[in-house]
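In: Following is a predicted model, sequence given first.
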Amino acid sequence: MSTTDRQIMTTAPADLFAGAAYYFARYQADYPAAMFDFLTQNYLSGREPAVLLDLGCGTGQISVPLARFADEVIAVDPDQGMIDEACQYAARSGARNVSFMTGKSEELGLDIGPFSLVTIAGAFHWMDRERVVKYLEKVAAHDCAIAVISRHRSNCSPDDWWLEQLAYTEAFWGGFFPAGSEGIRPALKVANGVILARSAFSDIQDKSFPYEHHWDLDSLVGYILSTSKACPGVLGDRRPAFEDGLRSRLSAMSPTGTFIERGVASLLLAARP
């Protein structure tokens, strides 16, 4: 299918992360401990009850570490493979207070909550953001915060391989990033902060937490296979060609096979004034 035949997606397709869950659970970089400390101290500690809603939870990177500081956690993701991996992670961690739900954040009912903290890590841009925020206005406690979490990379070494792998992947697909097997990922026309500022959660602040993660070639390739732009279900029978080209390009950048990711985990925090 040519680029012009593909549809520019406005909402996340069902196969957005097809085949990614195994790699997501094993190769995604951890979030910095200081970020979890901040969220715990400001939005969970001392709350009665302390209830967390984690939307687009993936394999539980946010919900499971925070579970020991909450009375109850509800974690939601549309991908069943992600939920299966998250359940296994919670079981290994002894997090028995997490309820995992397979479904879209836009379609949750009003029979849950109220929540003292809502986290959305690396997923808000795939949601109908206005609809999700309107829903959260109904189920969030008055002093609840929404934490939209993203990563911003800079000064990755060697030779800023992060930008290089993005360029390789975009070129592989013919000048775009895919959204599922039939779509093109659109650029956001309205920033997340603008969406939140228009809502009842108009008190906005930003927090950043530096991190550094070290990869070898195999784990870095595993990470890239966990992303929507290069997950196995979207690559299909093009996966061998993609992976061979990626390994060749990365190996040329680092003959020792070592890579350092540097950046910040950014919290866009929104609360009622």
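Out: That came through, no problem. Numbering: from 1, shown residues only.
In: Count the residues that sit near G222.
Out: Counted by other C-beta atoms under 10 Å, the residues lying close to G222 total 17. (Each C-beta comes from the backbone N, C-alpha and C, glycine too.)
In: Please identify the nearest residue in space to A197, excluding sequence neighbours.
Out: Distance criterion C-beta to C-beta, 6 or more residues apart in numbering; nearest residue to A197, sequence neighbours excluded, is I204 at 5.7 Å.
In: and that neighbour, helix, strand or coil?
Out: strand (DSSP: H, G, I helix; E, B strand; the rest coil).
In: Show me what it bridges to in the sheet.
Out: A270 (DSSP bridges).
In: isn't it right next to V194, touching?
Out: No - at 9.5 Å, I204 does not count as touching V194 under the criterion of C-beta atoms under 8 Å.
In: Neighbour count: the two, which is higher?
Out: Neighbours around I204 and V194, counted as other C-beta under 10 Å, are more numerous at I204. The numbers are 15 against 12.
In: State the distance from the more buried one to A34.
Out: 21 Å (C-beta to C-beta, to the nearest Å).
In: same question, D79
Out: 29 Å.
In: now do G109
Out: Taking C-beta to C-beta as the criterion, G109 is separated from A34 by 34 Å.
In: quick one, which of those two is more surrounded?
Out: Set G109 next to A34 and count neighbours by other C-beta under 10 Å: A34 wins out with 14 against 9.
In: how far away is that one from P210?
Out: Remark: distance between A34 and P210 (C-beta to C-beta) = 8 Å.
In: what's the answer for D160, then?
Out: Distance from D160 to P210, by C-beta to C-beta: 17 Å.
In: which of those two has more neighbours?
Out: Neighbours per residue (other C-beta under 10 Å) separate D160 from P210, with D160 holding more: 15 against 12.
In: Got the phi and psi for that one?
Out: The phi/psi pair for D160 (degrees, to the nearest 10) reads phi 50, psi 60.
In: Centroid-nearest residue for the protein?
Out: Taking C-alpha atoms, centre = their mean as the criterion, G122 is the residue nearest the geometric centre of the chain, at 2.7 Å.
In: so who does that one touch?
Out: 56, 58, 149-151 (C-beta atoms under 8 Å, 6 or more residues apart in numbering).
In: for A270, same thing?
Out: With C-beta under 8 Å, 6+ apart, A270 has these contacts: 145-146, 148, 196-197, 199, 201-204.
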